[in-house]
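Engineer: Show me the folded form of this:
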Amino acid sequence: MAESLLLSTARVSTFDGDRLLTGASGFFFERDDRLFFVTSRHVVIDAPTKHFPNRIEIELHTDAVDLTRSTAISVWLYVDGKSAWRQGSDMGGEIDVAAIEIPRAALPPNAAMFAFTPRHLPRSLDEVEVGSVLLIVGFPLGFHDVVHHLPVVRQAVVASAFGVRFQGQGFFLTDARTHRGTSGAPVVKRVPAAGGKLPWTLLGVHSARMDMSTRDLQLDESLGLNSAWYADILMTLTAAPASANAAQVQAQGAK
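Structural biologist: Numbers count the residues shown, from 1 in each chain. Model (predicted):
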């Protein structure tokens, strides 16, 4: 069986009907026996790039030992004309995080997965200091172990004051090499003393690479910095009771 962290993260594909649009990353978050799939908001809707999918597919393992076995569940993003995902905003504007509730009945009975919970969120800002070593778990450019359907990890460090809203926005910076397809990936810090099945602290949700519009493309390298939205937004997005426009989910054929 793979490490629990690798089974907490899943590959997500966006579709317009049957037409494949993009690929991204996401992870599972559980609260009060309710299960959510979390990814970047721009994965499910992004007006500036005219990205308007109407459903996503999430890949799940169906055997904890034989990791070559997987299936996909199809999640409709709109129900009765209303969005099925939850998003938030604050004084700085919209937050690039989306959470969509997944009915337990929609999961295959033998689904092999792990979910973060409120216990995995940092209890104090003092737990994280600038330069702390992190991991970003996802599917850069869609790259992954296609045989065992597992994500890859990139090493990162905290690159701005943790707990301080960078430039007034609800995110902090990481220093890591990332690519398209990593959007929605969990940003985590190892906590060996925590024990349990998932000994990691969930600090943020990777959003996008940061760059300078004034950078000389020939003389200057990319900054190599990224935005990660603080994970405590999940306590807001998962607090409300299930709404009438809960996601409609359909299981696909096993692989």
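Engineer: When you work out contacts or count neighbours from here on, use the C-alpha atoms and nothing else.
Structural biologist: OK.
Engineer: list the contacts for Leu225?
Structural biologist: Ala159, Leu173, Thr174, Asp175, Ala176, Arg177, Arg209, Met210, Asp211 (CA atoms under 8 Å, 6 or more residues apart in numbering).
Engineer: can you rerun that using 7 Å?
Structural biologist: Leu173, Thr174, Asp175, Ala176, Arg209, Met210 (CA atoms under 7 Å, 6 or more residues apart in numbering).
Engineer: Now the buried members of those.
Structural biologist: Leu173, Thr174, Asp175, Ala176, Arg209 (16 or more other CA atoms under 10 Å).
Engineer: Which of the residues you listed sits closest to Val191?
Structural biologist: The closest of these to Val191 turns out to be Thr174 (CA to CA; 18.3 Å).
Engineer: Between the two ends of stretch 124-143, how far is it?
Structural biologist: 34 Å (CA to CA, to the nearest Å).
Engineer: That stretch - what's its average pLDDT?
Structural biologist: In this model, stretch 124-143 has an average pLDDT of 90.
Engineer: Buried residues, that stretch. List them.
Structural biologist: For stretch 124-143, using 16+ other CA under 10 Å, the buried residues are Val128, Val133, Leu134, Leu135, Ile136, Val137, Gly138, Phe139, Pro140, Gly142.
Engineer: can you redo the residues you listed as a markdown table with secondary structure and distance to Ala64?
Structural biologist: Shown next, in a markdown table, are the buried residues of stretch 124-143 (DSSP: H, G, I helix; E, B strand; the rest coil; distance: CA to CA, whole Å):
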| residue | secondary structure | distance to Ala64 |
| --- | --- | --- |
| Val128 | coil | 32 |
| Val133 | strand | 29 |
| Leu134 | strand | 26 |
| Leu135 | strand | 23 |
| Ile136 | strand | 22 |
| Val137 | strand | 19 |
| Gly138 | strand | 19 |
| Phe139 | coil | 20 |
| Pro140 | helix | 24 |
| Gly142 | helix | 22 |
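Engineer: wait, which of the residues you listed is closest to Phe52?
Structural biologist: Gly142 (19.5 Å).
Engineer: In this structure that closest one contacts Ser25, no?
Structural biologist: No. Using CA atoms under 7 Å, Gly142 is not in contact with Ser25; the gap is 8.6 Å.
Engineer: hey, where'd the helices end up in the chain?
Structural biologist: Along the chain, counting by DSSP state H, helices occupy 41-44, 233-237.
Engineer: Give me whichever of the ones you listed is most buried.
Structural biologist: Compared across the helices of the chain, helix 41-44 shows the largest average neighbour count, a mean of 22 (mean count of other CA atoms under 10 Å).
Engineer: In PDB, list the C-alpha atoms belonging to that helix.
Structural biologist: What follows is the C-alpha trace of helix 41-44 in PDB, where atoms were taken according to Å, rounded to 0.1, in the frame of the first residue of the first chain:
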ATOM      1  CA  ARG A  41     -11.700  27.600  -7.800                       C
ATOM      2  CA  HIS A  42     -10.200  28.400 -11.200                       C
ATOM      3  CA  VAL A  43     -10.300  24.600 -12.000                       C
ATOM      4  CA  VAL A  44     -14.100  24.600 -11.900                       C
END
